[in-house]
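Engineer: below: sequence and its predicted model.
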Amino acid sequence: MNPMKQLVESTKTSSPRKRGSSNSPIPNSLDFRLCGNDWLTRNLLFSIVLLLLVITAPPLPAAVTLESFTFPTPAEEQHFKDVIGQLRCLVCQNETLADSDADLAHDLRAEVYEMMKSGKSDKEVIDFLVNRYGDFVLYNPPVKPSTYLIWYGPFVLLAIAVLLLIRAVGRQRQVQEPEISAEERKRLERLLGDNAGKGKQG
Amino acid sequence: MARYLRYMVPLAIFALLVAFLYRGLSLDPKLVPSPLVGKPIPKFTLTRLDNPAASISDADFRGKVTLLNVWATWCVSCRQEHETLVQLAKTGQVDIYGLNYKDNREDARQWLTRYGNPYVANAFDSDGRVGIDWGVYGAPETFIIDREGIIRHKHIGPLTIEIINDEILPLVAKLKS
Amino acid sequence: MIPELGHFALILALSLALVLSIFPMIGSLNNTPGWIALARPAALGQFFFIAIAFGCLVSSFLTDDFSVAYVAQNGNTLLPDVYKVSAVWGAHEGSLLLWVFILSGWTVAVSMLARHLPAVVLARVLSVMGMVSIGFLSFLLFTSNPFARVFPVPLQGGDLNPLLQDPGLAIHPPMLYMGYVGMSVAFSFAIAALIGGRLDAAWARWSRPWTTVAWMFLTIGITLGSWWAYNELGWGGWWFWDPVENASFMPWLAATALIHSLAVTEKRGAFKRWTVLLALLAFSLSLLGTFLVRSGVLTSVHAFATDPARGLFILIFLCIVIGGSLSLYAARAPSVSSGGRFDAFSRETLLLGNNLLLVIITAFVLLGTLAPLIYDALGWGKISVGFPWFNRMFVIFTPFLVVLMGMGPLTRWKHQDPGDLARQLRVALLISLGGGILGSLPILHKGSIWAGLAVMLSLWIVCSLAISLRQRLRYRKGLAGLWQDLGTKGSGSYYGMVVAHFGVAVFIIGVTFVMQYNVEKDIRLSPGQSTELAGYTLRFDGVQGRQGPNYHADRGTVHVLKDDREIAVLHPEKRVYTVQTKPMTESGIDVGFTRDIYVSLGEGLGNGDWSMRLYYKPFVRWIWFGGLLIAIGGLLAASDRRYRIAVRDQLSALGNDGLIANGGS
């Protein structure tokens, strides 16, 4: 089968994909039960990083679908877009529920619309889907111990790298510059003298 | 010696990476495991495929070990696994129920007449609403359900003889005892 | 006949690649001039035969020879000729052929243009490139033969994926591959240096122009891909952090770190081991990308063949190449002497900081891309990180990089007095802070702190560049003096830096402004109906059918008016290609320097009504304009005259001890 057909067929979609999604939810289930007596420091460090993660969430424009869902107010329409922007399409797995054109995405969007229209809260809608499809249906992985690797990993790497940098710069400062012997010094002067008339290099 | 160790770090990291990549070659990245395994089957009532007047519900799944197979006429892989299902049904080891997912009733009936009917009964889920409750995200999918109506296993993708022998039948035998 | 010729040519090319890898390498170790001299002819021969093979495949496409399986899958009689040619690299097998073709081209280029290198070094470099060739040619011949026949011969081909039938996407792979493959040159130089035990500033000077050119191509390739996605996919997006996109971005990041690190090694002889490692890393990431895209371990809409058997072949190849090179590194690096000293505050340290940040970014992009695989393999459940995670991480780390970018060019080598630097940058700091505050206020658009941050960072870079230029060009007055100064006071390397860094500033503005201020409207319009979008009026004039060469299109007409004056007529289309019948959108875009108006059709809703999506995208062109500037910067840097002066001439002038004075190992 034509491998590039995968681009179109494997996802059972009919139109090209789209991107864009909204804010991820502020994690609300962080477990701070740490062992050891330095829990305060680690707690603080975790909180700082978490804060950094939260405040740096650039608000991305929520993607819109092409169905004609009707909403009483623009705020409610934005609310709907925000919620479907947080969910993943299980067929086109790199797309949000808002962007995907897969059949299942159409169905799930209709489902979410009905639930929101009947007054269900965001949490109820998300729980509904997570109960049926698992955490994978959340576009942003939840922040829980098993996902610390991806949420805190980069910062841990940065810390390690900075430490290594400081050590490397510090270590090489202790390296003695090699002394040149008298013979080498004479050779150096001869070379510099020879090159005096040849102009500077770039 | 410590000096030398430092320069082996990149190689070590690469070795770790290769281990993951090698493992990844035998995994399917698109598989979504089901959170419903170990939970009771969702409550539902649907019309039967062969008889719109009759209905089928979750209650029909109590009392015996069953399979629920999600299928449709538009699904190419379902056609591939159909022979295997028919053979499995013939062995009589387990009752196979069908969930006809987002399909056309007439087309589905004719399809079964043409290719064989391994199903004890078929639920007709035209809008896929019940499929959502089962966590269905594509076809074919097959669930193994025990006597108390608890989902014990979900297989995603077409069934083959190997999968039946290695995955399905041992679990069915275990659940029956 | 022709496909068989092509197949045979590939086999001959493989034999020549074997010659190229074995004889010159052994010859260099034993100092056998005859074997060393085999390198160039072998490289030329390899190129010649691969070119023949490539030509045969092109010819098969142009003549619609559907007896070739690859042509049957990707060609079509209705396909316009230009896309028949680009279909050659439209799928797995053909794109691999393009890979080896470009690799053999670079090998010949190195053999011809790097003549001033010591013959022994050149032989080793070409040898290593030959080894990479062997890998790819074997992969082609044993698992992915583009010339495989199919029987019975189909009457019509499967057609090239409609998404690829676009000029942007036709040149995107060749540009990208020029970049990926170009990294193999830096890689080969690094391996040659490790084998020879000589890792000094001369090595850095030899590698630098090749690496810069390869990096330039990679920049162009990625920019093209992004531009294409925006134009073709119909949803106004231009980067998705998709695994395949990341597979091209990671080598780019590593290569950027490499070109900066090479600067230090060339000028000061420092960071030698680190630079070598980066050179190995950049190409390793290119190869890793090849693996990820073709093995099926990751979900991506871009991915080629998802065939684990092929994946295993590439993985073994990766182990040999990357594992081998890193083992060589582990064995040789400890004996490399340290280079020039530098103080805690100096350009060296800042560049080290730059490298650090770039490597961290590469690391987390790799982490995010592989996270689904890692979690699945460890049984930790199924996750996938998406666009928001990548974006957030990128936005956290990049500002620090930008701060360094402003400081670096003004900082001295070896030792810089921080107070002196602060004094020089005082004005830049004031302007950027001021601009940042202004930029975040709701003057022209609604207020946004992100826009303010972007303005601040961009102004920081631009002001720092201005200060640097002024320092260099201030000794003569008047335009004539300025012109003279431009020629003598700066070098290609310097101007390259100025233009490339300026490009980054432009890019930052483009990305942030389009994300902050973009307006989307999803609407249903009847013919004749108008709607408002960000101060423009858009009038829909209905949709008509149109027949293209291999598709049928529904072509809409949308007039764009500003203050009742018509400024553009857009023709968004919904196309259904004859063979692959999935519908495709061609957006109608009014391109502007400061904004794009973008319309894409949705569905016909009856009565001539259509649903459509309208976008107002401010400054979106600045994204690719920035990318282009970065690439131009690379070109300027690579054309620095010091690379064009034959090193051998210098060597003879200095006497044979010239190189030893460089503090080699």
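Structural biologist: Now that the structure is in, tell me what you want to look at. Computed from a prediction, not measured in an experiment: that's the story for all the values here. Residues are numbered from 1 along each chain as shown, chains lettered A, B, ... in the order given.
Engineer: so which bits of the biggest helix by length in chain B are buried?
Structural biologist: In chain B, taking DSSP state H as the definition, the longest helix is helix B:2-25. Neighbour-count burial for helix B:2-25, counted by 16 or more other C-beta atoms under 10 Å in any protein chain shown, picks out B:7-8, B:10-11, B:14, B:17-18, B:21-22, B:24-25. All C-beta atoms are positioned from the backbone trio N, CA, C, and that covers glycine.
Engineer: just those residues now: which is nearest residue C:339?
Structural biologist: residue B:7 (16.3 Å; C-beta to C-beta).
Engineer: can you give me the pLDDT of that closest one?
Structural biologist: On pLDDT, residue B:7 comes in at 89.
Engineer: that one contacts residue C:329, doesn't it?
Structural biologist: Yes: under the criterion of C-beta atoms under 8 Å, residue B:7 makes contact with residue C:329 at 6.4 Å.
Engineer: common neighbours of those two, please.
Structural biologist: Shared contacts of residue B:7 and residue C:329, defined by C-beta atoms under 8 Å, 6 or more residues apart in numbering or on different chains, are absent.
Engineer: check whether the longest helix of chain B contacts chain A.
Structural biologist: No: against chain A, helix B:2-25 shows no contacts by C-beta under 8 Å from any C-beta of the partner chain, the least distance being 9.8 Å.
Engineer: now for that helix, which elements pack on it?
Structural biologist: Here helix B:2-25 is seen to pack against helix C:272-295, helix C:308-318, helix C:324-332, helix C:347-378 when contacts are counted using 3 or more C-beta pairs under 8 Å, 6 or more residues apart in numbering or on different chains; DSSP states H and E.
Engineer: and these: which comes nearest residue B:160?
Structural biologist: helix C:308-318 (16.6 Å).
Engineer: chain center to that closest one: distance?
Structural biologist: 24 Å (C-alpha atoms, centre = their mean, to the nearest Å).
Engineer: which residues touch it?
Structural biologist: Contacts of helix C:308-318 (C-beta under 8 Å, 6+ apart): B:18, B:21-22, B:25-26, C:92, C:135, C:139, C:142-144, C:284, C:287-288, C:290-291, C:294-297.
Engineer: how about it: buried residues?
Structural biologist: Neighbour-count burial for helix C:308-318 [16+ other C-beta under 10 Å]: C:308, C:310-315, C:317-318.
Engineer: quick one: that helix to helix B:2-25, angle?
Structural biologist: 170 degrees (axes from the mean of the first three to the mean of the last three C-alpha atoms, to 10 degrees).
Engineer: for the helix or strand hosting residue A:128, buried residues please.
Structural biologist: Per DSSP states H and E, residue A:128 falls inside helix A:122-133. For helix A:122-133, a neighbour-count test (16+ other C-beta under 10 Å) marks A:125-126, A:128-130, A:132-133 as buried.
Engineer: what of stretch C:416-431?
Structural biologist: C:416, C:421, C:424-425, C:428-429, C:431.
Engineer: same check, this time on stretch A:150-166
Structural biologist: In stretch A:150-166, counting by 16+ other C-beta under 10 Å, buried: A:150-155, A:157-158, A:161.
Engineer: what subset of the residues you listed is also close to chain C?
Structural biologist: Filtered for proximity to chain C (C-beta under 8 Å from any C-beta), the buried residues of stretch A:150-166 shrink to A:150, A:153-154, A:157-158, A:161.
Engineer: nearest to chain C among the residues you listed?
Structural biologist: Set against chain C, the nearest of those by C-beta to the nearest C-beta is residue A:154 (3.9 Å).
Engineer: need the nearest residue in space to that closest one, chain neighbours excluded.
Structural biologist: residue C:364 (3.9 Å; C-beta to C-beta, 6 or more residues apart in numbering or on different chains).
Engineer: surely the one you found and residue A:161 touch.
Structural biologist: No: Residue C:364 is beyond contact range of residue A:161, at 11.3 Å (criterion: C-beta under 8 Å).
Engineer: how far is stretch C:598-613 from where the chain is centred?
Structural biologist: The answer for stretch C:598-613 is 36 Å, by C-alpha atoms, centre = their mean.
Engineer: same deal with stretch C:23-34?
Structural biologist: For stretch C:23-34, the distance to the chain centre is 35 Å (C-alpha atoms, centre = their mean).
Engineer: please identify the most buried of the helices and strands packed on helix B:2-25.
Structural biologist: helix C:272-295 (a mean of 25; mean count of other C-beta atoms under 10 Å in any protein chain shown).
Engineer: elements contacting it?
Structural biologist: Secondary elements touching helix C:272-295 (3+ C-beta pairs under 8 Å, 6+ apart): helix B:2-25, helix C:167-196, helix C:201-232, helix C:243-268, helix C:308-318, helix C:324-332, helix C:347-378.
Engineer: which elements pack onto the fourth one?
Structural biologist: Using 3+ C-beta pairs under 8 Å, 6+ apart as the contact criterion, the secondary-structure elements in contact with helix C:243-268 are helix C:167-196, helix C:201-232, helix C:272-295, helix C:347-378.
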